[in-house]
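Peer 1: Next input, structure requested:
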Amino acid sequence: MFAVNALLPRICCCFFGDDGGDAIPMATMQPVMLDSSKVGLECVILKSGRRLCGAGAALANAPLVQNKSYFEVKIQCAGTWGVGLATEQCPLDKVPLGNDTMNWVLRSDGNVCHDGEVLYTACPKPDEGDVVSCTYDHIELNFFLNGKSLQCPVNGVRGRVFPVFYVGDGAILDVAFKDFSFPAPDSFDEIMFEQNIL
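Peer 2: Residues are numbered from 1 along each chain as shown. Now for the predicted structure:
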C-alpha cells in the first residue's frame with residue numbers, strides 16, 4: 001500500500017497537473033537556442049542565443065530527436081551564410097559548410113551542399129531580409145524561402161543531428177526555434193528537448 005501511495009501523486013500529475021513537487025515546470029526548462037559551447041572561435045552569439053555574427057558556425061543546443069522538426073533563420077545582414085543540419089563532429093571554424101560528410105546546408109549562394117557536392121541550386125536565391133526555414137522528419141531535410149518550398153529535398157542525413165548556422169563576410173543571422181515568422185508545414189513543430197517529448 002505504501003508504494004501505491006508514494007506513486008499516486010506522480011501518476012496524477014500526468015493527468016491532473018499536480019506535479020507532486022518533483023516535476024520541472026515548463027517555464028523553467030531551458031529553451032532551444034544557439035549553443036555557446038558548440039560554436040566556432042570567431043563567432044559571436046547575441047540576443048539570448050538567437051543571433052549569430054562574426055565568422056564560423058554554431059549548433060543549436062538540442063538535437064533533432066522528434067519525428068518532425070521545424071526552425072527558421074532571418075538573414076538580417078547579407079554576406080556569407082548557411083543553414084541546415086550537422087553532427088556534433090562538424091568542424092565549426094571551417095566555413096562554408098557543406099564540404100564534408102558531417103553537414104547538409106543551404107548556402108548564401110543558393111546552393112544546397114553536402115560532402116563537397118552541390119545537390120541543388122535554389123531558385124530564387126535567399127537575400128537580406130528573407131526568412132529561410134528548415135523541416136526535418138528523419139527522412140528528408142527541406143528548405144523554404146519566406147514560407148514557400150524551394151523544392152530541394154535532401155535525403156541521406158545520418159546520425160544525431162543539430163540545426164547548424166554559419167556566417168562570414170559581415171553576415172548576421174537571427175534564428176527562431178519558436179514564435180515563427182511563417183507557419184510550420186502540417187504536422188511539423190518547434191524543436192523539443194528529448195525529455196519534453198515524453
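
Peer 1: where does the most centrally placed residue in the chain land on pLDDT?
Peer 2: Closest to where the C-alpha atoms of the chain average out (Cα atoms, centre = their mean) is residue 163, at 3.1 Å. You'll see residue 163 listed with a pLDDT of 98.

Peer 1: That one bridge partners, please.
Peer 2: residue 85 (DSSP bridges).

Peer 1: could you list every residue that touches it?
Peer 2: Residue 163 makes contact with 59, 60, 64, 71, 83, 84, 85, 134, 175, 177, 191 under the criterion Cβ atoms under 8 Å, 6 or more residues apart in numbering. Heads up, the C-betas are built off the backbone N, CA and C, glycines and all.

Peer 1: Among those, name the ones in helices.
Peer 2: Taking DSSP state H, every one of the contacts of residue 163 sits outside helices.

Peer 1: Now residue 33. Nearest residue, chain neighbours left out?
Peer 2: The shortest distance from residue 33 to any non-neighbouring residue, by Cβ to Cβ, 6 or more residues apart in numbering, is to residue 49 (2.8 Å).

Peer 1: Residue 96 versus the one you found, what's the distance?
Peer 2: Counting by Cβ to Cβ, to the nearest Å, the gap from residue 49 to residue 96 is 22 Å.

Peer 1: Any buried residues in stretch 69-76, and which?
Peer 2: Under the neighbour-count criterion of 16 or more other Cβ atoms under 10 Å, stretch 69-76 has 69, 70, 71, 72, 73, 74, 75 buried.

Peer 1: picking that back up, the residue nearest to residue 33: neighbouring residues, count only.
Peer 2: A count of nearby residues for residue 49, using other Cβ atoms under 10 Å, gives 19.

Peer 1: try the one 3 residues further on
Peer 2: Residues within reach of residue 52, counting by other Cβ under 10 Å, total 28.

Peer 1: Give me the pLDDT for it.
Peer 2: Reported pLDDT for residue 52: 98.

Peer 1: Also residue 58?
Peer 2: At residue 58, pLDDT is 98.

Peer 1: related to what we said a few turns ago, doesn't residue 37 make contact with the residue nearest to residue 33?
Peer 2: No - with contacts counted by Cβ atoms under 8 Å, residue 49 stays clear of residue 37, the gap being 11.3 Å.

Peer 1: which intervals of this protein have sub-threshold pLDDT?
Peer 2: The model of the chain has pLDDT under 70 over residues 1-28, 196-198.
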